[in-house]
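Novice: Just need the structure, nothing else, for what follows:
(one chain, ligands or ions: 1)
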Amino acid sequence: MRIDAVSIFPDFFQVLDISLLGKAKAQELLSVNIHDLRDFTDDKHRTVDDTPFGGGAGMLMKAEPWGQALDKLVDSETVVIFPSPAGELFKQATAKELASAKHLVFACGRYEGIDQRVVDYAGSIAKVRLISLGDYVLNGGEVAAVAMIEAIARLIPGVIGNSESLSEESFSEGLLEYPSYTKPSNWRGMEVPEVLLSGNHAEIAKWRKAKALERTGQVRPELLP
Ligand code: JEB
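Specialist: The predicted model follows:
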């Protein structure tokens, strides 16, 4: 998979060099390329924003630099993602769908967002998704894009070491995780649940499933089957 991201703050994406993209990148299953939107301007001040027609507070991102960026980066096989508080909610199912794409372009807005014609134009040359990281307001699309890229990259088919942990994830699909423990078995007087020390794998699986259901019922009952 190839991922491009366009932003006026390319530095936001530096965390991806630390994060788990390493395995996918080493296997050449993933390349991530970050672009500065201002490199697609052609005026002396590298302007990317302007006032909104119809009035109102704040600034919007101008269409022209985005048009230049999309023309350079997008083809008919690209999925263009606009992180947006007005988008569909990003779920694990969204990450799974996007993990099988050949090419993703993340168009990260700032200010009050991007001129709507940019989204409409992108839709005329490629598949477009408006996606929200969650129901809260961020200052721009970068943090959302980084989170989405991490969630997608760890699912890329063929990434070595992923298949076991991903099949364990599907074991408790849709539930919250059960509690986990490591050594020492007694820490500050607190014991690890005995069943986990028993070596009885059927009992352990049963206990974990019960704990996952208990937790989900307490914290996120809407997720229960
Ligand atoms: C994404 C963005 C802004 C109104 C107020 C502020 C571009 N879950 C999410 N919350 N906010 C964003 C998001 C996602 N994904 C988000 C892109 C932009 C916020 N802003 C600031 C926009 N509209 C500008």
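Novice: which residues in this structure form strands?
Specialist: For the chain, the strands defined by DSSP state E occupy 2-7, 31-36, 49-50, 60-61, 78-89, 103-107, 127-132, 186-187, 190-191.
Novice: got the angle between the second one and strand 103-107?
Specialist: It stands for strand 31-36. On the basis of axes from the mean of the first three to the mean of the last three CA atoms, to 10 degrees, strand 31-36 is oriented at 30 degrees to strand 103-107.
Novice: tell me the angle strand 31-36 makes with strand 2-7.
Specialist: Interaxial angle, strand 31-36 versus strand 2-7 (the same axes, to 10 degrees): 20 degrees.
Novice: Which strands and helices lie in contact with strand 31-36?
Specialist: Packing partners of strand 31-36 (3 or more CB pairs under 8 Å, 6 or more residues apart in numbering; DSSP states H and E): strand 2-7, helix 21-26. Backbone N, C-alpha and C define where each C-beta goes, glycine included.
Novice: which of those sits most buried?
Specialist: Ranked by average neighbour count under the criterion mean count of other CB atoms under 10 Å, the helices and strands packed on strand 31-36 are headed by strand 2-7 at a mean of 22.
Novice: how much space between the closest residue to Gly161 other than its chain neighbours and Arg154?
Specialist: Once flanking residues are discounted, Gly161 sits nearest to Lys23: 6.0 Å by CB to CB, 6 or more residues apart in numbering. Lys23 sits at a distance of 9 Å from Arg154 (criterion: CB to CB, to the nearest Å).
Novice: Mutual contacts of the two, please.
Specialist: Shared contacts of Lys23 and Arg154 (CB atoms under 8 Å, 6 or more residues apart in numbering): Asn162.
Novice: ok, and what's touching stretch 209-216?
Specialist: Contacts for stretch 209-216 (CB under 8 Å, 6+ apart): 172, 175-179, 223-224.
Novice: Which single one of these is nearest to the ligand?
Specialist: Nearest to the ligand among those is Leu223, at 19.9 Å by CB to the nearest ligand atom.
Novice: what about that closest one, how many neighbours?
Specialist: By other CB atoms under 10 Å, 11 other residues sit near Leu223.
Novice: Once you drop chain neighbours, what's closest to it?
Specialist: Leu223 sits nearest to Thr216 (CB to CB, 6+ apart), 5.3 Å away.
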